[in-house]
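Student: No sequence on hand, only this structure:
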Ligand code: PGA
């Protein structure tokens, strides 16, 4: 079945000013305007909260969507410093990354917390990009599959996945921001494992419909091969999404049909 591909840019904690954020998005927009962007690809920019509305405005004449990189699992109340899924929804935000490895490892987010966030994000009709992935230690111990399956089991517990309401991103931790890419073959094997797991947890139609992205040092030079794989439906792009020319080239190279 053909799934509409998604390239999600993850700007992380960048850039440092609104001016730089506007410059970056403007350069990307100009670059993408020059090409005939296929209707088979969606683009979303996952930004620091403080830039969401501003960049949403800059993109209002485009098809591009906006996403957050995190949110809290409560909707309102005494939770100093947090942002809720309800606030994101009410600000017209479309996507939210959940369970990124940097949240898991630096901010102690467990699968249980991610599961609570997923539940409230779905309640608010935002599209979550749920990240899973093994560390280098886990890979070397030969337990990659076990780790991915338990991340899925625990973060998807009691969650109703329709095939269209959740996007999964496979991001091997050892490939994030390191320049080391997982081979397209190996990435596809894990994306296929994820799809089979969705078929087990839900059914084969949900599994077939769900978008599964690969993330981890994706560049314009790697994307073509990755997108050609049967079970890779797009990419979650960190570093390369901060360089306008590189990101535009990455989007161009991602458009080759399977
Ligand atoms: P990277 O980041 O492309 O810089 O490796 C990907 C991510 O963390 O989502």
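Tutor: Yep, that arrived. If you're wondering where the values come from, they're calculated on a predicted model, not measured in any experiment.

Student: Residue 208 against residue 162, yeah?
Tutor: No: using Cβ atoms under 8 Å, residue 208 is not in contact with residue 162; the gap is 11.9 Å. From N, CA and C alone the C-beta is placed, and that goes for glycine too.

Student: so the closest residue to the ligand within the stretch 1-150 of the chain bridges to which residues?
Tutor: Closest contact between the stretch 1-150 of the chain and the ligand, by Cβ to the nearest ligand atom, is at residue 10 (4.2 Å). Legend: beta-bridge partners of residue 10 under DSSP bridges are residue 46.

Student: Okay, buried residues for the helix or strand where residue 185 lies please.
Tutor: Using DSSP states H and E, residue 185 sits within helix 184-201. Using 16 or more other Cβ atoms under 10 Å as the test for burial, helix 184-201 gives 184, 187-195, 197-198, 201.

Student: now, which of the residues you listed sits nearest the ligand?
Tutor: residue 187 (12.6 Å).

Student: what's that closest one in contact with, if anything?
Tutor: Residue 187 makes contact with 170, 172, 214, 216, 226, 229, 232, according to Cβ atoms under 8 Å, 6 or more residues apart in numbering.

Student: Just the ones of the residues you listed in strands?
Tutor: Among the contacts of residue 187, DSSP state E puts 170, 214 in strands.

Student: for the contacts of residue 187, which one is nearest residue 131?
Tutor: Comparing the contacts of residue 187 against residue 131 with Cβ to Cβ picks out residue 170 as the nearest, at 8.0 Å.

Student: which residue sits closest to that closest one, ignoring its sequence neighbours?
Tutor: If you skip the residues right next to it in sequence, residue 170 has residue 190 as its closest partner in space, 5.1 Å away by Cβ to Cβ, 6 or more residues apart in numbering.

Student: pretty sure that neighbour contacts residue 147?
Tutor: No: between residue 190 and residue 147 there is no contact under Cβ under 8 Å: 10.1 Å.

Student: Next, work out how far apart the residue nearest to residue 170 and residue 242 are.
Tutor: 26 Å (Cβ to Cβ, to the nearest Å).

Student: and the residue in the chain that the ligand sits nearest to, what does it touch?
Tutor: Residue of the chain nearest the ligand, by Cβ to the nearest ligand atom: residue 238 (2.2 Å). By Cβ under 8 Å, 6+ apart, residue 238 lies in contact with 10, 12, 176-177, 215, 217.

Student: What backbone torsions are found at it?
Tutor: phi -90, psi -100 (degrees, to the nearest 10).

Student: ok, so what distance separates it from residue 200?
Tutor: Counting by Cβ to Cβ, the gap from residue 238 to residue 200 is 30 Å.

Student: Same question for residue 114.
Tutor: Taken as Cβ to Cβ, the span from residue 114 to residue 200 is 19 Å.

Student: quick one: the strands in this structure?
Tutor: 5-10, 41-46, 65-68, 95-98, 127-132, 167-170, 212-215, 234-237.

Student: pLDDT averaged over the first one, what's the number?
Tutor: Rounded to a whole number, the mean pLDDT of strand 5-10 is 97.

Student: Now mean neighbour count too, for the strands of the chain, in JSON lines please.
Tutor: JSON lines is the format used below for those (neighbours: other Cβ atoms under 10 Å):
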{"stretch": "strand 5-10", "mean neighbour count": "24"}
{"stretch": "strand 41-46", "mean neighbour count": "22"}
{"stretch": "strand 65-68", "mean neighbour count": "22"}
{"stretch": "strand 95-98", "mean neighbour count": "25"}
{"stretch": "strand 127-132", "mean neighbour count": "26"}
{"stretch": "strand 167-170", "mean neighbour count": "26"}
{"stretch": "strand 212-215", "mean neighbour count": "27"}
{"stretch": "strand 234-237", "mean neighbour count": "28"}
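
Student: Dump these to TSV, plus distance to residue 106.
Tutor: Formatted as TSV, those follow (distance: least, Cβ to Cβ, whole Å):
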stretch	distance to residue 106
strand 5-10	15
strand 41-46	17
strand 65-68	17
strand 95-98	14
strand 127-132	13
strand 167-170	17
strand 212-215	17
strand 234-237	17
